[in-house]
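Participant: Requesting a structural model of the entry that follows:
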Amino acid sequence: MAVCDPTLEVELGLLAEGASCVIGCDEVGRGALAGPVGVGVAAIDGTHGAMPVGLRDSKMLSERRREALAPLAVAWVLHSAVGLASAKEVDEIGIIAALGLAGKRALAELFAAGVDVRGSVVLLDGNDDYLNKALATPLSVLTRIKADQDCASVSAASVIAKVHRDRLMIAADAVTPGYGWAGNKGYGSAEHMAAIGRLGPTGLHRKSWLTISA
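Facilitator: Next up, the predicted model:
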């Protein structure tokens, strides 16, 4: 994957057009077999300083580099949050609705922190506005393919969310060993799939996604 440095070109344009904030938004854990799906949000309002050196889409960074950048990203943005939907909720309502639920929870945290969510533009990575599908009152959402690579607020949300979820899976591995979650983070590695076949699924598994019977 080619290395790409994000900029604030899109965000500054939206702020110039009248948005009170731009809220970068990215998902994490969508394709995992175990653990929650998460949505990270990171709000900027034009009072930010220089972006952290080396900030990029979380997928382009090593785990060690993500861990180092996450607190810098949190400090750089106005406010940030990570919303989660559990494996049980993914099973019950499906992954798209679960993404919307996680995003709704993240945005609620921003609102509680004082962010003018209604007056903001949400800059959402991808081409599917799963957020407004979960909201009673629509928000201004701009979808953009590869926003996590190109737009610094979305890169920040990506790193913050990835580190948050990874830490949850590392902690879960200590409580429920045998599935290799500290390494695979709940994704379908060979070790993880073999463990499901050997030990059966846990409460953290998305049982509707499993192809190996317990």
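Participant: Assign S153 to helix, strand or coil.
Facilitator: helix (DSSP: H, G, I helix; E, B strand; the rest coil).
Participant: Kindly report the same for the one 10 residues further on.
Facilitator: Here V163 is helix, with the state taken from three-state DSSP.
Participant: now do S80
Facilitator: Of the three states, S80 takes strand under three-state DSSP.
Participant: so V154 makes contact with L8?
Facilitator: No: taking contact to mean Cβ atoms under 8 Å, the distance of 10.7 Å between V154 and L8 leaves them out of contact. For the C-beta atoms, the positions are set from N, CA and C on the backbone; glycine is no exception.
Participant: Tell me which of those two has more neighbours.
Facilitator: Using other Cβ atoms under 10 Å, the more surrounded residue of V154 and L8 is V154, with 31 against 18.
Participant: And that one, how close does it get to A97?
Facilitator: Summarising the geometry, the distance separating V154 from A97, computed by Cβ to Cβ, to the nearest Å, is 22 Å.
Participant: now I196
Facilitator: Relative to A97, and taking Cβ to Cβ, I196 is found at 24 Å.
Participant: More neighbours: which of those two?
Facilitator: Applying other Cβ under 10 Å to I196 and A97 shows that I196 carries more neighbours, namely 22 against 16.
Participant: contacting residues around stretch 103-120?
Facilitator: Applying Cβ atoms under 8 Å, 6 or more residues apart in numbering, the external contacts of stretch 103-120 come out as 19-23, 25, 27, 39-41, 43, 78-85, 122, 130-131, 134-135, 137, 139-140.
Participant: Among those, which lie within strands?
Facilitator: Secondary structure of the contacts of stretch 103-120 is defined by DSSP state E; positions in strands are 22-23, 25, 27, 39-41, 43, 79-85, 122, 140.
Participant: are any of those buried, and which?
Facilitator: When burial is judged by neighbour count using 16 or more other Cβ atoms under 10 Å, the buried members of those are 22-23, 25, 27, 39-41, 43, 79-85, 122.
Participant: Which pair of these spans the longest distance?
Facilitator: For these, the farthest-apart pair by Cβ to Cβ is V22 and A85; their separation is 23.9 Å.
Participant: At which residues are the helices of this protein located?
Facilitator: Counting by DSSP state H, the chain has helices at residues 9-16, 63-76, 87-93, 95-112, 147-150, 152-175, 181-184, 190-199.
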